[in-house]
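*Asks:* Below are the sequence and a predicted model for it; my questions follow.
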Amino acid sequence: MTEPRFYMSAQQQSQSAKKPQTAITPTRAEDFPAWYQAVIRAADMAENSPVRGCMIIKPYGFAIWEHIQDILGGMIKDVGVENAYFPLLIPLSFIAKEAEHIDGFATECAVVTHHRLEKGPDGGLIPASPLSEPFVIRPTSETIIGEALSNWVRSYRDLPMKLNQWCNVMRWEMRPRMFLRTSEFLWQEGHNCFETAEDGNEDARKMLDVYATFLEDALAIPVIRGEKTPEERFPGAIATYTVEAMMQDGKALQAGTSHDLGQTFSRSANIRFQGRDGGEHLAWTTSWGMSTRTIGGLIMVHADDDGLIMPPKIAPYHVSIIPVVKADNEDRVVAYAKALEQDLKAAGFRVKCDVRDDRPSNKMWESIKKGVPVRVEVGGNEVDQGTVTAVRRDLGRESKQTLDKSAFVAQLGGMLDDMHKALYARAKAFRDERIFDVETLDEMDAFFGDESKFGFVRMDAALLADPKFAELKKKYAVTPRCLPFADNGAKAIIGKSY
RNA sequence: CGGGGUGUAGCUCAGUCUGGUAGAGCACUCGCUUUGGGAGCGAGGUGCCGGGGGUUCGAAUCCUCUCACCCCGACCA
């Protein structure tokens, strides 16, 4: 890895020449996976727990998830879906009902087999009473929600029925990674139920659109919308739709999926209704989910060698205020900073006024590493002049400007909008420059074989059936990410993925 | 689940080959001087050397088992 493989503006490059020390070591170019872990720690988002594959999400990381819940949750309700909650434990017999489904999930299920602990001979505790039927800790809830729907759906007048739950799920992962693939993770899973095949398919596509809109408008992550190939489909689905994003190492991340389940689960769960024709029919269902993995994507799309960069709409804080005090002006500066905090809060912004007893420079670096969109410094000069000095995280110190306090409060919304657009544009340009159209599998071989190139290949979807594609897939550990809607299924996007 | 690597202070790591009283930088605590992109000087605290078992007079170091983390695969809505 000799050339810089990551996005750097000329400005950032000159900066790094001046200041080779980055807040995060190693840098993206040096060791991307280690950089990713370091960003999470530096921003105090999460850490590993005593339980393998299960992470502790710390307040700063969880605040991001809460904003995702607020925004995405609102969008889900806006399309007529209601929230509910279903059990964590699923009877083994439910999971076993659908053959293809259990084939897909069997290897990653955690199973609860006992319900009581007793003192063992060594004084330790041992599970004592076996359950008559083991439970599976939900890896997803199609089966148990299907069971409920079979009771709730009687007539075509009950349809559509649209449910969503925010919950944790467990999939026993062989290779866990913070946020990206943890054994326990948080998500929302939606389960909708319809009268006709057309209604179901239209819904699966609509919910994918909700995800795409959310990712682009709230997280500033550009996505490719498309359909998974049959091999990549959700077990039991007749079609799986996906939104794929490109990380700064050129790998793909599936940021949300939506499944047209046809009648697979209504058949196994017996979701029947009396139709307009008086006859009995199987319902058509969909399911769709987005998880805390998205937070990993957020990091890998936007963060830089100084740490996180938060898209303003889901940033835990829009602004951090850093008082720069001297011995003789501390009271005045702190009072000014707190007044500014109140003004900004009154204007609807999320603000952190950092009055801790610490050096201003340390507070600034913390703000940078946490990716707070706008950092405000107020000291004696600002107090005297009634101004604030503001810096945008994505642009760095070069963007430092001093504004009249009231003008700043009035302009902050616009600054945050601009930053959102800039993050999106930067990520989109990065991605678009790294999607390469190829005509043949030899060209695909040449692309993935070239160390200096990384990203996605786009090619004729018919090439997926060529036996040589299977060889290349194995050789480079790449997979078809999707058949983009934009090409009406004629093209396939190929890449490495998380 | 296969292959490889790493576990030593809050963090990054040296020390392990060749066994002999536990180390550095940063961070932390106190004091003074400082304060607009990671301050300076002085003083101070910090460890079941991942865990169990062994070899040895003596183990961070050697042997063995185990756990965790990281990487490459396999697997994976």
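*Replies:* It's in. Numbering: from 1, shown residues only, chains lettered A, B, ... in the order given.
*Asks:* Domain-wise, how is chain A divided?
*Replies:* A:47-302, A:317-415, A:435-495 (automatic domain parsing).
*Asks:* Low-confidence stretches in the stretch 301-450 of chain A?
*Replies:* For the stretch 301-450 of chain A, applying pLDDT under 70 flags no range at all.
*Asks:* Can you name the residue of it nearest RNA strand B?
*Replies:* A:Gly379 (2.5 Å; C-beta to the nearest atom of the strand). C-beta coordinates here come from the backbone N, C-alpha and C atoms, glycine included.
*Asks:* For that residue, give the beta-bridge partners.
*Replies:* With DSSP bridges as the criterion, A:Gly379 is bridged to A:Val324.
*Asks:* how about it, what does it touch?
*Replies:* By C-beta atoms under 8 Å, 6 or more residues apart in numbering, the residues touching A:Gly379 are A:Pro323, A:Val324, A:Val325, A:Lys326, A:Asn329, A:Val333.
*Asks:* just checking, A:Tyr336 touches A:Glu382?
*Replies:* Yes. Assessed by C-beta atoms under 8 Å, A:Tyr336 is found in contact with A:Glu382 at 6.9 Å.
*Asks:* and A:Met45, what is it in contact with?
*Replies:* Per C-beta under 8 Å, 6+ apart, neighbours of A:Met45: A:Ile57, A:Lys58, A:Tyr60, A:Gly61, A:Ile64, A:Ile295, A:Leu308.
*Asks:* Quickly note the distance from it to A:Arg175.
*Replies:* Here A:Met45 is placed at a distance of 20 Å from A:Arg175 (C-beta to C-beta, to the nearest Å).
*Asks:* And for A:Ile145?
*Replies:* 29 Å.
*Asks:* more neighbours, those two?
*Replies:* A:Ile145 (27 against 7; other C-beta atoms under 10 Å).
*Asks:* what's the closest non-adjacent residue to the more buried one?
*Replies:* A:His191 (4.6 Å; C-beta to C-beta, 6 or more residues apart in numbering).
*Asks:* ok, of the contacts of A:Met45, which one's closest to A:Leu163?
*Replies:* A:Ile295 (24.3 Å; C-beta to C-beta).
*Asks:* Just give the nearest non-adjacent residue to the closest one, would you?
*Replies:* That would be A:Phe179: by C-beta to C-beta, 6+ apart, it lies 4.9 Å from A:Ile295.
*Asks:* Quick check, the residue in the stretch 151-300 of chain A closest to RNA strand B?
*Replies:* Nearest residue of the stretch 151-300 of chain A to RNA strand B, counting by C-beta to the nearest atom of the strand: A:Phe234, 2.4 Å away.
*Asks:* Could you pull up the contacting residues of that residue?
*Replies:* With C-beta under 8 Å, 6+ apart, A:Phe234 has these contacts: A:Gly104, A:Lys228, A:Thr240, A:Thr257, A:His259, A:Leu261, A:Ser287.
*Asks:* picking that back up, what kind of secondary structure is the residue nearest to A:Ile145 in?
*Replies:* What DSSP: H, G, I helix; E, B strand; the rest coil gives for A:His191 is strand.
*Asks:* Can you report how many residues lie near it?
*Replies:* 28.
*Asks:* which residues does it form a beta bridge with?
*Replies:* A:Leu163, A:Ser287.
*Asks:* follow-up on the earlier one: output those of the contacts of A:Phe234 also counted as contacts of RNA strand B.
*Replies:* Near RNA strand B, judged by C-beta under 7 Å from any atom of the strand, the entries from the contacts of A:Phe234 are A:Gly104, A:Thr240, A:Thr257, A:His259.
*Asks:* Mind putting the residues you listed into TSV with secondary structure, pLDDT and neighbour count?
*Replies:* As requested, the ones next to RNA strand B among the contacts of A:Phe234 are exported to TSV (DSSP: H, G, I helix; E, B strand; the rest coil; pLDDT from 0 to 100; neighbours: other C-beta atoms under 10 Å):
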residue	secondary structure	pLDDT	neighbour count
A:Gly104	helix	81	17
A:Thr240	strand	96	26
A:Thr257	strand	95	24
A:His259	strand	96	29
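*Asks:* Am I right that A:Cys482 is in a strand?
*Replies:* Yes. When three-state DSSP is applied, A:Cys482 is found to be in a strand.
*Asks:* What's the local residue count around it?
*Replies:* Neighbours of A:Cys482 using other C-beta under 10 Å come to 26.
*Asks:* neighbours of the nearest residue to it once chain neighbours are set aside, just the number please.
*Replies:* Excluding its sequence neighbours, the residue lying closest to A:Cys482 (C-beta to C-beta, 6+ apart) is A:Gly226, at 3.2 Å. Residues contacting A:Gly226 under the criterion other C-beta under 10 Å number 24.
*Asks:* which of the contacts of A:Gly379 count as buried?
*Replies:* A:Pro323, A:Val324, A:Val325, A:Asn329, A:Val333 (16 or more other C-beta atoms under 10 Å).
*Asks:* now the residues you listed as CSV including distance to RNA strand B?
*Replies:* Below are these laid out as CSV (distance: C-beta to the nearest atom of the strand, whole Å):
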residue, distance to RNA strand B
A:Pro323, 9
A:Val324, 5
A:Val325, 6
A:Asn329, 9
A:Val333, 8
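*Asks:* Sweet, I'm off.
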